[in-house]
Every structure is written in structure tokens, then in C-alpha cells.
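# Here is a sequence together with a model predicted from it:
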Amino acid sequence: MAERAMPSKVYGLRHYVFPRAPERLDIAKRWCLTDSRKAYRRRPHPLFGRWSIKYTLNHLGYRCAEFDQDIIADPSCFKLVVIGGSETFGVGLPADKLYVNLLATRLEHFTGKKVIAWNIGLPMAGSSFISRMLYPIIELLSPDFLFLNFPAHSGYREYFNDDEEIFFCEPGGLAQRRTISRFWDPEASRVDRAHLSLESDFNNTVSFYNDYCYCEFLCDYHGIDWLYSAPDIGGDTAAAVSFTPRKRVASRIHQFMQAGVYGESDEDLLARDFIHPGILPNQRFADAVLDAYVAGYSSGGRL
Amino acid sequence: MTVPASEQLSPAELMPLFSSVAIPYTGHRGARKCKWFGSDSERHYLKNPHPKFGPDDIEYSFNRHGYRCIEFDTRDTFDKDHLHLLTLGESHALGMGLPEELTYGYLVAQKIQAHTGRPVQHWNLSQGGISAEYIARILPTALAVLQPDFVILNFPNKHRREYIFDDGNYLTCGDGDQVAGSVYTVDRHEAVKKAHFEHAHEDSNTFNQWKLFIVCQRHLLAHKVMWAAQAGFGLPQRFNQYIAMQNLSPTRIMAIGKEAYEDNPGMWLARDGKHAGVAPHAGLADNIYQLFVREYTQELEQLAASQSQRTG
């Protein structure tokens, strides 16, 4: 590939450039990837109709307010930033039911400040997306509280072409894996096939662990209030695997989705696509993150 | 750790990731001694004899896991007097085309030994053709298992990426035709290279190198070891805020003593005619030793003082 004199925009390595979300993501006004009209027709959700959900994105492609310089510079405003995958983006869920926004409401009560929630979650985003976004987020958004929600599966990856287009790839073997037409989108198809041919549990674990360590270093370096949620990685988790347990939210959002555990029905537990977390898991996850935040950072306590 | 490499090993045994007890096997595992290795081949030598090293002057001695050092399970047999130096890098650090006692890691160990009066064991976990991912993968495990006092990291060029397969074997692809694999991965080289180039991206490689250096730095700081590194990032100045620049050796090995020795291949190049020879290794060893003395003056003085107290 051609050498470039300057680092590209996708990495946010230039001053004052916040990376755009990939334009190739299939997000329409009312439907998004697995939360499709076709899937809805096949299995309508009892709580969400076809008009219940609106995916409103800011001009950079994120499902949140614009990154307004006045808000960033306003000390009376509490800035919450959440980075993650489709659960954070809120596939199949209205924005007001999403844990990011519920957490913002809870933080507003807790801090007594106006909370602005910047949701940097994208469907199919993985740990490499989180690590790529972290530097520009810290530099340009100056968050008061940063929550990193690493996806449950560490096989999600992102790749780039010379035109700075971003390709998100899913792990192989996913039940709801999207199909890419070799005919309609040959480049994405090639990137995806290359991704699948290189994928292994070992690579996924190494990639996730390195991304986590990088994020931890940067957050601690900047003295940010931060927490994370992440899957367990296999193998010997003794001294060499030095995750910071005190920064970890004990529960993962998927744990709240397991039917029968709390005696709720699918409609409460699942989003409109019957794949992603629904209303109750989002509420409980927001509570869990707030509890961890209060335990770690309130009344002068520092994790 | 005591399983003979000749036995069939499971993927988890071959590639114990981030373990605190077991270091992963390399692609040329199995304890052995050989006269030729990698690019330092007999065929090349017969065509291009080296002015300084003959066919019998170099011996590569690998442990069961495939590293150019003694067996890892001997680590527990050292007494407390011993200091341990870990070198983790690419083919220069491995000492391709050089006797072990002329590699810069070994020479730094000797200098520290002379400085502190304490014996220093050199653990060389370097491999030819590796990527920054290899260093970041091996380092946390090596720190836990070998508990070194000193660490030297030598980052290769940023275009190299490592791919580990489900069977526990791995290979590295770089720019151009460069593939560093093993007999266990040879059937996959072409397919992996094709996929690698589908994903290759200049900025992705730049960011990856920088990120993995930060990851390594995090492990080193957590283990409170004395360390030095060679690496280049090619990023704007402001990214240096995260890097302990004082721990970086500023000169790449092939640039050391270039003017003085370029016309003297016996000193300038190793036996394979590609890698750094005696003079660059000695020069880099000197640079790294000076870096240790400058950055860890107090620690080294303490080590020397406690030794002289012990020996009276």
C-alpha cells in the first residue's frame, strides 16, 4: 500500500480531528443491521413497533449530540463518554432506553450537574475500535467519566483502505453474521474473507488484551475517572494477565439478558431484533455502572 | 514446561498466552545445537565467505522451546546473587550470524556483571523476523516466569504483523515478500501473505507499533524492572508524551559505527552478510549500558554495594 507522509484522519492522529464513524455501516433512519425491516416482519416485537426507534446520528456518525466546543469547555457540565459496540450503540432500542442515556440521567441525579452523554458505540465495533478512538476522545472531548464497554466477543476487527474507508468485520461463526455480496461490494467481501482466514481465538485474545492494556495505560496516564466491562480471557489468568479488577464493572450487560434468571419474558429482555439487550438489561446495566462509579469515585474515593 | 518438544503438544501447550508459568514455544522448537541457522546458511557462506567467521566459529544453541538461551526451568536454580537480563527483539537481537558471546545482549550482561560484581544471566528470547506483536505477547509471560532485573526490547519495523493459528503455530508477514514462519506453517505462507496484504495499511501499522510499545512499557513499569529499548514510531511529537523517551536508545544498530566500519565487512556485518556484525553489536551494547548507568544509577549502585557487603 502507498506510503503516506501524514497519519490519516481515521486514526485521529492529527490535531483537532475527531475520527468519523465508518460510512459503510448499514444504519438507516429506522433500521440498523440485525434490526432490519425484514427481521421485524418475520418476528414483530411486542413493545417496539416499526416507528418506535429512530437512529439519529450526529454529523460524524455517532448516536449522540454533536461534539460542541462550548460544552467541552464548560466546567459546569459533566461529560460522560461511553465507547463500545452494538450494545452501546443501541441496536434495536430507542435512545431513551439505552444504558448510556440512562446512566447519564442517573449521573445527573448523583452529581447535580448537567450531564452530556457522548455515545461512541458502533455496531460491529471491537476492541481495536475502542483503542483507536481513545486518544482523540481524551484529547478532544476531555471526559469526566469514561466507560469502556468491550464487546462480549473479541473477534470484531476493523480495517482500512487507502481512501480511509473503514471496514468493520465480525467474527466467524456468529449466528447473525451479515452476508456481504461479492458482486455488489467486492472490496468489503475481500476484506472480510481475509479477516476470516486470519481469525483464531489466539489472535482475538492477543488483540483484546493489548487493546485493553493500551486503554488502561492512557486512562491512568491522564488521570481520568474510568471503568470498563470486558469478557474474561481464557487460560491462566494469574500474574501475567494483569487486568485492573477494581476498574471492572462486575456484571456484563449480556448477563442481564439470560431468560429465566429474573423471570422476565423475551420482550423485556431483548431489543427489537431479538438479539441485542432490551429494556431491562439496559436499566440494570446502567445501575451496575453507576454503582461501580459511586463506589470508586464518589466522596473523594479514588480507584 | 518440562514436556519434551518431540511429544505432540496441544495448541494450548504450544501457545500459553499471557501465562505466569509457561512461555510459548517458537516455530523451531526442540533443543538443538547447529552451525547454520536462518539467513546464516552454509550455501550463502560458500558463495560469500566471511572474513572473520569460518564455518565452525558460530554455534546456535537453542533450548527446548526454541530460544537461544538455557532451559527456562533452570531459572529456579539460580541463587539470589544472580541478576537476570532479558533480551526480546528481532534477528539482530537474536545474534543472527554471530557467536552468542558477541551479541549485544550478552555484552550488556557482561558489562552489568562488571559494574555490580554480580553474575548476570542473559535470557535471549529474540526471534528472527518477528513483529511488535511478538514482543508484546512474550513480554508479560517472560517477566512473570524469568523475573528479570534488566530488559532490553528491540522493536522491528512496523510493517510486520503476527498471525497465530488455531493449532498454536504462528507466522509473521512483513512488507514485500517477507514471511517468517516455520516448518509447521509453510503450507499457509501464501494464503496468509495474501490476506495480510489485503489488510496492510500504513497508518494502521504505525498506530499498532506505537500502541504495542505502550503496552510493553506498561508491563515493564508494573514489574519495576530496569529497561532500555530500540524503537521508531514516525508519529507527531506530541505522541512522545506517553513514551519514556529517556529509555530509548536513539541509534539503530545498523547505524552504529557505519562510517568507521562500512568498508570492513569482517567487523561491520555478521556471517550472513545481512545482519549487524561485531562492531555494531559492541557499539549498541555500549550505548545500552550507558543508558542503564544514566537512568538507573542508584539501583546499580545499590546492587554493587549489597554485593560488596556480602563478599566482605
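It's in. Every value quoted in this text rests on a predicted model; they were computed, and no experiment measured them.
# residue closest to the middle of chain A?
A:G84 (1.3 Å; CA atoms, centre = their mean).
# which residues does that one contact?
A:120-121, A:125, A:130, A:147-151 (CB atoms under 8 Å, 6 or more residues apart in numbering or on different chains). The C-beta positions use only the backbone N, C-alpha and C, and glycine is treated the same way.
# Could I get the contacting residues of residue 55?
Reading this off chain A. Residues counted as contacts of A:Y55 (CB under 8 Å, 6+ apart) are A:27-32, A:63.
# Switch to chain B, please.
B:35, B:42, B:45.
# Can you say which of the residues you listed are buried?
B:Y45 (16 or more other CB atoms under 10 Å in any protein chain shown).
# which regions of the chain lie under the pLDDT threshold?
By default, I'm working from chain A. A:1-10, A:12-16, A:233-242, A:259-263, A:299-303 (pLDDT under 70).
# um, chain B though
Ranges of chain B meeting pLDDT under 70: B:1-7, B:312.
# try 80
B:1-7, B:307-308, B:310-312 (pLDDT under 80).
# got the residue ranges for the helices in it?
B:11-14, B:42-47, B:91-94, B:104-116, B:132-146, B:189-199, B:202-223, B:258-261, B:265-268, B:278-295, B:297-311 (DSSP state H).
# Now the residue nearest to the centre of chain A: phi and psi?
Backbone torsions for A:G84, taken as degrees, to the nearest 10, come to phi -180, psi -160.
# Which residues of the stretch 1-150 of chain B lie near chain A?
B:11-12, B:15-22, B:133, B:136-137, B:140-141, B:143-144 (CB under 8 Å from any CB of the partner chain).
# List buried members of these by neighbour count.
Among those, the ones that count as buried by 16+ other CB under 10 Å are B:11-12, B:15-20, B:22, B:133, B:136-137, B:140-141, B:143-144.
# so A:A104 touches A:A117, yeah?
Yes: with contact defined as CB atoms under 8 Å, A:A104 counts as touching A:A117 (3.7 Å).
# what do the two both touch?
Joint contacts of A:A104 and A:A117 (CB under 8 Å, 6+ apart) are A:L80.
# rewinding a little: give me the subset of the contacts of A:G84 that lies in helices.
A:I130.
# ok so, going back, quick one: which of the contacts of A:Y55 has the most company?
A:R63 (26 neighbours; other CB atoms under 10 Å in any protein chain shown).
# The nearest residue to that residue once chain neighbours are set aside: neighbour count?
Nearest-residue entry for A:R63: A:N119, 5.1 Å, with adjacent residues in sequence omitted and distances by CB to CB, 6 or more residues apart in numbering or on different chains. For A:N119, the neighbour count with other CB under 10 Å is 25.
# So in terms of bridging, what pairs with A:N119?
Taking DSSP bridges as the rule, A:N119 bridges to A:V82.
# show me the contacts for it.
A:62-64, A:82, A:88-90, A:98, A:100-101.
# now those residues as CSV including secondary structure?
CSV is the format used below for the contacts of A:N119 (DSSP: H, G, I helix; E, B strand; the rest coil):
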residue, secondary structure
A:Y62, coil
A:R63, coil
A:C64, coil
A:V82, strand
A:T88, helix
A:F89, helix
A:G90, coil
A:L98, coil
A:V100, helix
A:N101, helix
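# Could you identify which of those has the most neighbours?
Using other CB under 10 Å as the neighbour criterion, A:F89 leads these with 30 neighbours.
# A:T179: how many residues sit nearby?
7.
# ah, wrong one, I meant B:I70
B:I70 - counted by other CB under 10 Å - has 15 other residues nearby.
# nearest residue to it other than its sequence neighbours?
Per CB to CB, 6+ apart, closest to B:I70 is B:N63, 6.1 Å.
# quick revisit: kindly compare burial across the helices of chain B and name the winner.
helix B:91-94 (a mean of 27; mean count of other CB atoms under 10 Å in any protein chain shown).
# CA-only coordinates of it in CSV, if you can.
The C-alpha trace of helix B:91-94 is given here as CSV (Å, rounded to 0.1, in the frame of the first residue of the first chain):
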residue,chain,number,x,y,z
SER,B,91,17.1,-11.1,14.3
HIS,B,92,19.8,-8.6,15.3
ALA,B,93,19.0,-9.3,19.0
LEU,B,94,19.0,-13.0,18.3
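# Which strands and helices lie in contact with that helix?
Counting by 3 or more CB pairs under 8 Å, 6 or more residues apart in numbering or on different chains; DSSP states H and E, the packing neighbours recorded for helix B:91-94 are helix B:104-116, strand B:150-154.
# close enough to count as contact, B:N63 and B:T74?
No: contact status for B:N63 versus B:T74: not in contact, 9.1 Å apart, counting by CB under 8 Å.
# Name the helix or strand for A:R106, please.
Element membership of A:R106, judged by DSSP states H and E, is helix A:99-111.
# typo on my end, it should be A:D162
Going by DSSP H and E, A:D162 is not in any helix or strand.
# Now tell me what touches the helix holding A:R106 from outside.
A:64, A:78, A:80, A:82, A:87-88, A:90, A:95, A:114-117, A:119, A:121, A:145, A:147, A:253, A:277, A:281-283, A:285-287, A:289-290, A:293-294, A:298.
# Now it: buried residues?
A:99-104, A:106-108.
# between those, which is nearest B:G54?
When those are compared for distance to B:G54 (CB to CB), A:V100 wins out at 68.3 Å.
# how long is stretch A:167-187 end to end?
Stretch A:167-187 has its terminal residues 9 Å apart, counting by CA to CA, to the nearest Å.
# ok so, going back, using JSON lines, please lay out the helices and strands packed on helix B:91-94 together with distance to A:R246.
Formatted as JSON lines, the helices and strands packed on helix B:91-94 follow (distance: least, CB to CB, whole Å):
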{"stretch": "helix B:104-116", "distance to A:R246": "36"}
{"stretch": "strand B:150-154", "distance to A:R246": "27"}
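# Which one, of the ones you listed, ends up nearest to A:E170?
strand B:150-154 (33.8 Å).
# what comes up buried for stretch B:85-102?
Neighbour-count burial for stretch B:85-102 [16+ other CB under 10 Å]: B:85-100, B:102.
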